[in-house]
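*Asks:* sequence unknown, structure follows:
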């Protein structure tokens, strides 16, 4: 009872106002320091992977990198387009755009094949990732020209304006998510505690943890750059684990208070909760951190950003549950004691004993596992395997620009651009680097390559070659008249890489070459992830096993934990494939199916689910082991442990599910998929794995569950637990 967790709780309980003030100062300090240093956003070079990334790096070295562009479409509001008026508007627009300091150049106006639309393309200076911040100035000039030519319609699109629109939509989506999540979370906590004050505490601590984590993430971004998804994951994971950790701690304190029947002081009750649930919170948080850290092995800036955000918010949530929470419990506990003395009555133990015992519902839910463990285990496992079967048809792709919501104005214009100028849809950049003395040979090889492409219906006319000033780098840009996510676009890339390049540029001695561009990125990123998946998954399984063995001193539980996590993750992914790769649920969940799953979703699911599953594993098995430490037979310990943790695990699962489901309402398809699959995984884990499969397996294993240790002899008993189970707690180490 003198661990660091208990000592921190003891100090906070004895000095509650200092602890609360210290926590608030910490939160404010994180926000102030974070705001002062700002966010170090990932640069274009941080996203480079595979052949496309190497080709982009070579082009950048020769200062031939592709620039971000905006396209302005000029058309008639009604009827035929007045050619002279359109040309005048194009000249006005060109002059205005060239006057902007961030504009690198403006291309000559281009007419569509049917003569109904004129396009003016504007190239921007600087980093591709920073271009969205410059789009506003271009839009302002487009609007100014629009006012000068009211009979014409000027519309702007391009990567910068689309990115800006996506960011704006994401912000609106997150605000909607908060409006859904916060009331439902508060209602769940009200049901769990029956008190507005007690229900508000977890929510306020979670929100303060999120605020502190956002500030800290800005600081940490200078070590690991932020890819723009850090805040999203902090909000998603922070609310889920922040409420859950506080919930576990609070419920244990209330349980101990009811059991003591007024015999223990508030400080003693807080210490008891810290010695049990407080320790479990620390272990659970470290398990999530360790699991999430395996994402760094993916060598990808987006996954690194997701990992950093998750780790920061989990550590902050753990810190709040060990410092501010015990202080608040002490304040609320003493207030309850004073109120009880004034009223000269005590709280009824039966009220909390009923929750502790699990109630009739949980007894009924556990009856199949207790009465027929083998049959329950087989049926439950087969059910999850059946849900996992759609994984056989899993198709992973990189979610491209073409998958963004059409509610974004720039995306609507983008569709018009693709329809009017099909030859502008996709461009492959063939980058070649060789000695300056080989420039003529490289140029001839690229011309032969262009001729091959011109004779291929997958390519369009209009290829051009650019050479760097030092004659060491050359770029051939080939146009493809197909959308970037179409099979034809991928076929053109395959032809280029596998057939045309080896027979042309590949014959230039000493030349390095590669293909970049949007399609190349879309193809190389999933391939990169697939190559890293075995490493990350292997590390994840190892970490999960080691953490479980360390916490429970049982290799058997370690193997069970790994197997159950794999099973629930596979079942959740199967459900995801069933829902999102088909079109039947489009109207129900408001999305347009791409016939695939985002390349980041499976790996993110495995890592986050393994971490979050440790929450339930730690809290449920800790209660089971606690009973076993008191000398209770394993079968009865399993029943007692699950019944005692049932209500809190249910509440935690509802909170997590609510948070994740709220992301299903977002417009970004990959975020929809992540929200859906995490919600499904949590529900399966909480209500199938922990209620059906885990107890059935433990009933069948009996005392072998704890191999190679024997908990009743090797582990120390927690004071006061023996009486709760009707047997003395003996420590005979």
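*Replies:* Happy to help now that I have it. Just so it is clear, the structure is predicted and the values come from calculations on it, not from any experiment. Numbers count the residues shown, from 1 in each chain.
*Asks:* Residue 463 contacts residue 480, correct?
*Replies:* No - if you go by Cβ atoms under 8 Å, residue 463 and residue 480 don't touch, sitting 10.6 Å apart. C-beta coordinates here come from the backbone N, C-alpha and C atoms, glycine included.
*Asks:* Comparing these two, which residue is more hemmed in?
*Replies:* residue 480 (28 against 20; other Cβ atoms under 10 Å).
*Asks:* any chance you could map the strands in the stretch 501-650 of the chain?
*Replies:* 512-516, 597-598 (DSSP state E, counting those that start in this stretch).
*Asks:* Quickly, which of those strands bottoms out on average pLDDT?
*Replies:* Here these differ in mean pLDDT, and the lowest is strand 597-598 at a mean of 90.
*Asks:* Nearest spatial neighbour of residue 56, chain-adjacent residues omitted?
*Replies:* residue 516 (4.7 Å; Cβ to Cβ, 6 or more residues apart in numbering).
*Asks:* beta partners of the one you found?
*Replies:* Counting by DSSP bridges, residue 516 is bridged to residue 429.
*Asks:* Let me know how buried it is, in neighbour terms.
*Replies:* Neighbours around residue 516, by other Cβ under 10 Å: 27.
*Asks:* now the one 3 residues further on
*Replies:* The local packing of residue 519 (other Cβ under 10 Å) involves 28 other residues.
*Asks:* Relative to residue 577, how far out is it?
*Replies:* 24 Å (Cβ to Cβ, to the nearest Å).
*Asks:* same question, residue 132
*Replies:* 32 Å.
*Asks:* What of residue 647?
*Replies:* Distance, residue 647 to residue 577, by Cβ to Cβ: 33 Å.
*Asks:* swap in residue 597?
*Replies:* 6 Å.
*Asks:* if I look at the two, which residues touch both of them?
*Replies:* Any residue near both residue 597 and residue 577 by Cβ atoms under 8 Å, 6 or more residues apart in numbering counts here, and that gives residue 394.
*Asks:* Relative to residue 186, which of the strands of the stretch 501-650 of the chain is closest?
*Replies:* Evaluated with Cβ to Cβ, the strands of the stretch 501-650 of the chain place strand 597-598 nearest to residue 186, the distance being 31.3 Å.
*Asks:* So which elements touch the closest one?
*Replies:* The contact analysis (3 or more Cβ pairs under 8 Å, 6 or more residues apart in numbering; DSSP states H and E) places strand 597-598 against strand 396-397, helix 555-580, helix 669-684.
*Asks:* Can you lay out those as JSON lines showing mean neighbour count and mean pLDDT?
*Replies:* Shown next, in JSON lines, are the helices and strands packed on strand 597-598 (neighbours: other Cβ atoms under 10 Å; pLDDT from 0 to 100):
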{"stretch": "strand 396-397", "mean neighbour count": "18", "mean pLDDT": "85"}
{"stretch": "helix 555-580", "mean neighbour count": "22", "mean pLDDT": "93"}
{"stretch": "helix 669-684", "mean neighbour count": "24", "mean pLDDT": "90"}
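*Asks:* tell me which helix or strand of the chain sits lowest on mean pLDDT?
*Replies:* helix 349-357 (a mean of 40; mean pLDDT, DSSP states H and E).
*Asks:* In this structure residue 116 contacts residue 421, no?
*Replies:* No - judged on Cβ under 8 Å, residue 116 makes no contact with residue 421 at a distance of 11.3 Å.
*Asks:* Of those two, give the one with the bigger neighbour count.
*Replies:* More crowded of residue 116 and residue 421, by other Cβ under 10 Å: residue 421, with 19 against 14.
*Asks:* Where does pLDDT dip in the chain?
*Replies:* Scanning the chain for pLDDT under 70 picks out 1-2, 336-359, 710-733.
*Asks:* Mind splitting it into its structural domains?
*Replies:* The record's domain split for the chain, according to automatic domain parsing, is 1-37+195-350, 64-164, 413-522.
*Asks:* distance between the longest one and the chain's centre?
*Replies:* Between the centre of domain 1-37+195-350 and the centre of its host chain there is 21 Å, according to Cα atoms, centre = their mean, to the nearest Å.
*Asks:* Checking my notes, residue 70 in a strand, right?
*Replies:* Yes - using DSSP: H, G, I helix; E, B strand; the rest coil, the assignment for residue 70 is a strand.
*Asks:* For it, list the residues it contacts.
*Replies:* Applying Cβ under 8 Å, 6+ apart, we find residue 70 in contact with 121-122, 124, 135, 138, 156-161.
*Asks:* picking that back up, and among the domains of the chain, the most buried is which?
*Replies:* domain 1-37+195-350 (a mean of 21; mean count of other Cβ atoms under 10 Å).
*Asks:* Setting aside sequence neighbours, what's the nearest residue to residue 683?
*Replies:* With Cβ to Cβ, 6+ apart, the residue lying closest to residue 683 is residue 657, at 5.8 Å.
*Asks:* who are the neighbours in contact with that neighbour?
*Replies:* With Cβ under 8 Å, 6+ apart, residue 657 has these contacts: 679, 682-683.
*Asks:* To which secondary structure element type does it belong?
*Replies:* Classified using three-state DSSP, residue 657 is helix.
*Asks:* how near is it to residue 572?
*Replies:* Using Cβ to Cβ, residue 657 is found at 12 Å from residue 572.
*Asks:* my guess is the residue nearest to residue 56 meets residue 50, correct?
*Replies:* No - applying Cβ under 8 Å as the test, residue 516 and residue 50 come out as separate, 9.5 Å apart.
*Asks:* Report the separation between residue 247 and residue 40.
*Replies:* Residue 247 is 34 Å from residue 40, by Cβ to Cβ.
*Asks:* What of residue 371?
*Replies:* Taking Cβ to Cβ, one finds residue 371 at 58 Å from residue 40.
*Asks:* Kindly report the same for residue 180.
*Replies:* 31 Å.
*Asks:* Tell me which of the domains of the chain approaches residue 640 most closely.
*Replies:* Set against residue 640 and scored by Cβ to Cβ, these come closest in domain 1-37+195-350, at 12.6 Å.
*Asks:* OK, contacts around residue 60?
*Replies:* residue 45.
*Asks:* One more: residue 219?
*Replies:* Counting by Cβ under 8 Å, 6+ apart, residue 219 has contacts 30, 33-34, 37.
*Asks:* Point me to the helix or strand that includes it.
*Replies:* Here residue 219, judged by DSSP states H and E, is contained in helix 196-220.
*Asks:* what does stretch 439-458 contact?
*Replies:* 430, 432, 434, 459, 461, 463, 465, 467, 471-472, 474, 476, 478, 480, 482, 488, 491-492, 495-496, 500-501, 504-505, 507-508, 511.
*Asks:* Residue 693: neighbour count?
*Replies:* 27.
*Asks:* just checking, it touches residue 564?
*Replies:* Yes - using Cβ under 8 Å, residue 693 is in contact with residue 564, at 6.2 Å.
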